[in-house]
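**Q** for reference, the sequence and a predicted model appear below.
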Amino acid sequence: MFFDARNYAGAARVLDGLVEEVPEQTGPRLLLARAYYHSAQLHRAEAELRLIVERDPVESYARLMLGRTLQRQGRHGEAATHLRIASALAGEFEEV
């Protein structure tokens, strides 16, 4: 509902409470990171995504989002690493 209305800050407030209740679940944390990303709370998005990637290094969507978050912060070198990993995990390989 919040995402449909593009009320990402509102979504983040709700999801933050949910993540506190079930911190071990990846789904709510990914949604929280997305809400932070879309509401330009990039440092918070990065923190959530780094936690997910630390727990599950092959979570390709978290890698992709982390790469995009780092890009928006102008940290292109760091972003490239995560974007390459996300592509590889998704089976997208560059032709040589």
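**A** In hand now; what should we look at?
**Q** now do the residue positioned nearest the centre of the chain against residue 6, distance only.
**A** The residue lying closest to the centre of the chain (C-alpha atoms, centre = their mean) is residue 65, at 4.0 Å. Here the criterion is C-beta to C-beta, to the nearest Å. By it, residue 65 lies 18 Å from residue 6. Where C-beta positions appear, they are placed from N, C-alpha and C, glycine not excepted.
**Q** and residue 19, by the same measure?
**A** Counting by C-beta to C-beta, the gap from residue 19 to residue 6 is 21 Å.
**Q** okay, these two: which has more neighbours?
**A** More crowded of residue 19 and residue 6, by other C-beta atoms under 10 Å: residue 19, with 21 against 11.
**Q** contact partners for the more buried one?
**A** Contact analysis of residue 19 by C-beta atoms under 8 Å, 6 or more residues apart in numbering lists 25, 28-29, 32, 48.
**Q** check residue 23 too.
**A** residue 29.
**Q** and if you look at residue 2?
**A** Taking C-beta under 8 Å, 6+ apart, one finds 8, 10-11, 14, 35 in contact with residue 2.
**Q** which among the contacts of residue 19 count as buried?
**A** For those, a burial check counting by 16 or more other C-beta atoms under 10 Å picks out 28-29, 32, 48.
**Q** please list the members of those residues that lie in helices.
**A** In helices, defined here by DSSP state H, the members of the buried ones among the contacts of residue 19 are 28-29, 32, 48.
**Q** show me what counts as buried in the helix or strand of the chain with the lowest mean pLDDT.
**A** One helix or strand of the chain scores below all others by mean pLDDT, DSSP states H and E: helix 8-21, with a mean of 92. Within helix 8-21, the residues that count as buried by 16+ other C-beta under 10 Å are 8, 11-12, 14-15, 19.
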